[in-house]
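Novice: Sequence first, predicted model second:
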Amino acid sequence: MTGARNVLWIMCDQLRFDYLGCSGHPHLETPNIDALAARGLRFDRAYVQSPICGPSRMSFYTGRYVRSHGSSWNKFPLRVGEPTLGDHLAELDVRTVLVGKTHMKADLAGMRRLGIDPASDVGVRVAQCGFEPFERDDGLHPAGPYDPDPPYDAWLRALGYQGENLWEEWANSAEGPEGALLSGWLLEHADKPARIPAAHSETAYMTERAMAFLEEAGADGRPWCLHLSYIKPHWPYIAPAPYHALYDRRHVLPPVRDPAERQDPHPILAAYLQERFSQAFARQGVRERVIPAYMGLIRQIDDELGRLFRFLEEKGLAETTLIVFTSDHGDYLGDHWLGEKELFHECSVRIPLIVADPSPAADATRGTVCDALVEAIDLAPSFLEWFGGAPKPHVLEGRSLLPLLRGEPAAGRPFVVSEYDYAMRRARTDLGVPIGEARLQMLFDGRWKYIHAESFRPLLYDLQSDPAEFHDLGADPALAGERARLHELLSGWARRPASRITISDAEIAERAGREIRANILIGYWDEAEVAEARRRGTGVPEREPQ
């Protein structure tokens, strides 16, 4: 493959790993995503570093675990100076561009402390998580007028829509008798069509904006990494026609739940069962109302991706563009008696991941499925390698996926890790947990899923004998040895240094070698001892340059 290389990185919000045709859903049709899987590699065991939007995305964008970058919940600022994918690719003269959502919260206090103007070129990059914001829109604009309008709302206004909050009143609401406004926030309205046609929806609009960037990029000539980050199928669960009616209760799979899960559950799970969203999804009829809309939103994304992929072909970009399709986390949708995401069952922490490498080197794996354990943080080093950059293992904690894409020998990952900070949730206050202890860490080795809960006993699931994760074995005395083994693996992971990012291991090794060969006579007794040290090559320490 010759010519400039590019990356199209597509992310959906709250898309489950098992809600695609290619991953086995019996009713949901996703022909364009399936076709992407047929010409790429589908990773069947991919896991996020946190099962909630903000920290998951910060791990995607930094290539680092949550315990390393520190942005542990939605709108917790990513600290100034944390290197991002955009910083790494800028060194290679690659444009790293955003269309859609990031959930990034800028560290404005840190920027003020360092004298960085948020409106400057540097300030914009720092505030936008390293991206060039071609179009930034996180999609959640509830509750009345807001200023300034996001570009999407301004676009709707230019089309003639009227109101104070066009995102909420039109794109995410339905219309009742005599024009009554039916809010899409309310689950009872999920079966109704949004007030706008599909062509005016957020999904279609962001696809248009992505194509607008591709037009511009063609004139620019530099290689690019475009992050197209769709806002859906994240709630509000409401779809425009005809997508609102493509599926109905006949297409809703039975919930993955067991009465035993609610009998003496772990205290944290018990607290989450009391959350409003869990109580709602446990009610009779809610799943049958919501899931068809969720499926319709996914089908719309698939249709829009078909339009985008055809555009890439027409522009001659398909043969030079690495395409990645993924999600930032899943959605319980009533499984395990829960709503939302945030805990570590497969439907929440496991994500779809498809990578289509157009280079001939990837022909051997094209159309196959990889069952290696991979993590969200693996994408950043993959992109760096794709663009020809040198590895940065002292900064990027993930592993490049390119060897797996090309069928090359690669060291398998022995486990994956995900983290969650529930300090903002009712569970913490109900349980009386101090903010600093409201933390969960999951380690999954392909069979055993171990969850460390600060101040509580751990949770443990055996996905070999219990793939549905119904039975928590965290208190089973017969498995004390297994829990101790997994705890030591997690503890060993936590002890790895992750804060030394300003100097690489290679630089340390080179500097140590110079010190061995130096001539500063520190700690020696006499000339004979110095001569012997030099003969053996051990040398003496080198004085630091002044």
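Specialist: Good, I have the coordinates. Predicted model, so just to flag it, every value in this text is computed and none were measured.

Novice: can you give me the helices in the stretch 251-400 of the chain?
Specialist: For the stretch 251-400 of the chain, applying DSSP state H, counting those that start in this stretch gives helices covering 267-273, 276-281, 286-314, 346-349, 379-386.

Novice: With mean pLDDT as added columns, please give those helices in a markdown table.
Specialist: Formatted as a markdown table, these follow (pLDDT from 0 to 100):
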| stretch | mean pLDDT |
| --- | --- |
| helix 267-273 | 97 |
| helix 276-281 | 96 |
| helix 286-314 | 98 |
| helix 346-349 | 98 |
| helix 379-386 | 98 |
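
Novice: Ok, which of these comes nearest Pro254?
Specialist: Ranking those by proximity to Pro254 (C-beta to C-beta) places helix 286-314 first, at 9.3 Å. For every residue, glycine as well, the C-beta is placed using N, CA and C.

Novice: Would you map the strands across this protein?
Specialist: Using DSSP state E, the strands found in the chain span residues 6-13, 41-47, 95-100, 132-136, 173-175, 181-183, 224-233, 321-327, 350-356, 368-375, 416-421, 439-444, 448-453, 459-462.

Novice: circling back: with distance to Leu333 and mean neighbour count added, can I get the helices of the stretch 251-400 of the chain in CSV?
Specialist: Formatted as CSV, the helices of the stretch 251-400 of the chain follow (distance: least, C-beta to C-beta, whole Å; neighbours: other C-beta atoms under 10 Å):
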stretch, distance to Leu333, mean neighbour count
helix 267-273, 15, 20
helix 276-281, 7, 17
helix 286-314, 6, 21
helix 346-349, 7, 24
helix 379-386, 25, 24
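
Novice: okay, these in CSV with distance to Leu78 next?
Specialist: As requested, these are exported to CSV (distance: least, C-beta to C-beta, whole Å):
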stretch, distance to Leu78
helix 267-273, 26
helix 276-281, 26
helix 286-314, 27
helix 346-349, 21
helix 379-386, 14
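
Novice: ok so, going back, of all the strands of the chain, which one comes closest to His487?
Specialist: Across these, closest to His487 is strand 448-453 (C-beta to C-beta), at 6.8 Å.

Novice: between the closest one and strand 439-444, what angle do the directions make?
Specialist: Note on geometry: by axes from the mean of the first three to the mean of the last three C-alpha atoms, to 10 degrees, strand 448-453 and strand 439-444 are set 170 degrees apart in direction.

Novice: Can I get stretch 232-246 as CSV, trimmed to CA atoms?
Specialist: Backbone C-alpha positions of stretch 232-246 (Å, rounded to 0.1, in the frame of the first residue of the first chain) are rendered in CSV as follows:
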residue,chain,number,x,y,z
LYS,A,232,-26.6,7.3,19.7
PRO,A,233,-27.9,4.7,20.6
HIS,A,234,-27.4,6.4,24.0
TRP,A,235,-30.6,7.6,25.7
PRO,A,236,-32.9,9.4,25.2
TYR,A,237,-34.3,6.2,23.6
ILE,A,238,-36.2,7.8,20.7
ALA,A,239,-35.7,7.2,17.0
PRO,A,240,-37.0,9.1,13.9
ALA,A,241,-39.3,7.4,11.5
PRO,A,242,-39.1,4.9,10.0
TYR,A,243,-36.5,3.6,12.5
HIS,A,244,-38.9,3.8,15.4
ALA,A,245,-41.1,1.1,13.9
LEU,A,246,-38.7,-1.3,12.3
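
Novice: mean confidence for it?
Specialist: Computed over stretch 232-246, the mean pLDDT rounds to 98.

Novice: Likewise for stretch 18-32?
Specialist: pLDDT averaged over stretch 18-32 gives 98.

Novice: buried residues in it?
Specialist: Across stretch 18-32, burial judged by 16 or more other C-beta atoms under 10 Å covers Asp18, Tyr19, Leu20, Gly21, Cys22, Ser23, His25, Leu28, Glu29, Thr30, Asn32.

Novice: and what of stretch 141-155?
Specialist: Neighbour-count burial for stretch 141-155 [16+ other C-beta under 10 Å]: His141, Asp149, Pro150, Tyr152, Asp153, Trp155.

Novice: go on, stretch 224-241?
Specialist: Neighbour count says stretch 224-241 has 224-240 buried, by 16+ other C-beta under 10 Å.

Novice: quick one: pLDDT of Tyr161?
Specialist: Value for Tyr161, per-residue pLDDT: 97.

Novice: Quick check: the gap between it and Leu431.
Specialist: 45 Å (C-beta to C-beta, to the nearest Å).

Novice: Phe456 too?
Specialist: Phe456 is 8 Å from Leu431, by C-beta to C-beta.
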